[in-house]
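*Asks:* Show me how the following folds:
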Amino acid sequence: MTLQECYAMLGGDYAEVSSRLPSEKFIQKFVLKFLEDKTYGLLKESWEGGNDGEAFRAAHTMKGMCQNLAFTRLLQSSSALTEALRNGRSPEAPALYERVLADYDETAGAIAAYKEQL
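*Replies:* I've put the predicted structure just below:
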């Protein structure tokens, strides 16, 4: 699997990220680091613990990472969740949280499959 194929699998925009970052090796470095990032765990822990402020910060951080890496699908869902948590947990937040979990699993799965083939 190529890095471009990984991006297609995770619903990202390789052309966008490659226009901003200097090389494929540089992109690869940060894509692989995404799997090590603790933000997803913090989001789940905060959500399950009812700490909406911390869940908002984690969703906002995830949104920023996804924007920088052009992970479009996860960017859209984490952005929507960020807004649904901005002033406390809105009625649509639970469904958006579930969407983020699913999108994260797809993203992490694509990256793990890519990493396995390196």
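*Asks:* ok, Gly12 - how many residues close by?
*Replies:* Neighbour count for Gly12, taken as other C-beta atoms under 10 Å: 25. For every residue, glycine as well, the C-beta is placed using N, CA and C.
*Asks:* How about it: what's its closest non-neighbour residue?
*Replies:* With C-beta to C-beta, 6 or more residues apart in numbering as the criterion, Gly12 has its nearest non-adjacent residue at 4.7 Å, and that residue is Phe71.
*Asks:* Quick check: the one you found touching Leu10?
*Replies:* Yes: with contact defined as C-beta atoms under 8 Å, Phe71 counts as touching Leu10 (6.1 Å).
*Asks:* tell me, what's touching these two both at once?
*Replies:* Thr107 (C-beta atoms under 8 Å, 6 or more residues apart in numbering).
*Asks:* and stretch 85-95, how far out from the chain's middle?
*Replies:* What separates the centre of stretch 85-95 from the centre of its chain is 18 Å, taken as C-alpha atoms, centre = their mean, to the nearest Å.
*Asks:* got a list of contacts for that stretch?
*Replies:* Stretch 85-95 is contacted from outside by Asp52, Ala55, Phe56, Ala59, Leu81, Ala84, using C-beta under 8 Å, 6+ apart.
*Asks:* Helices - which of the residues you listed land there?
*Replies:* Of these, the ones assigned to helices by DSSP state H are Asp52, Ala55, Phe56, Ala59, Leu81, Ala84.
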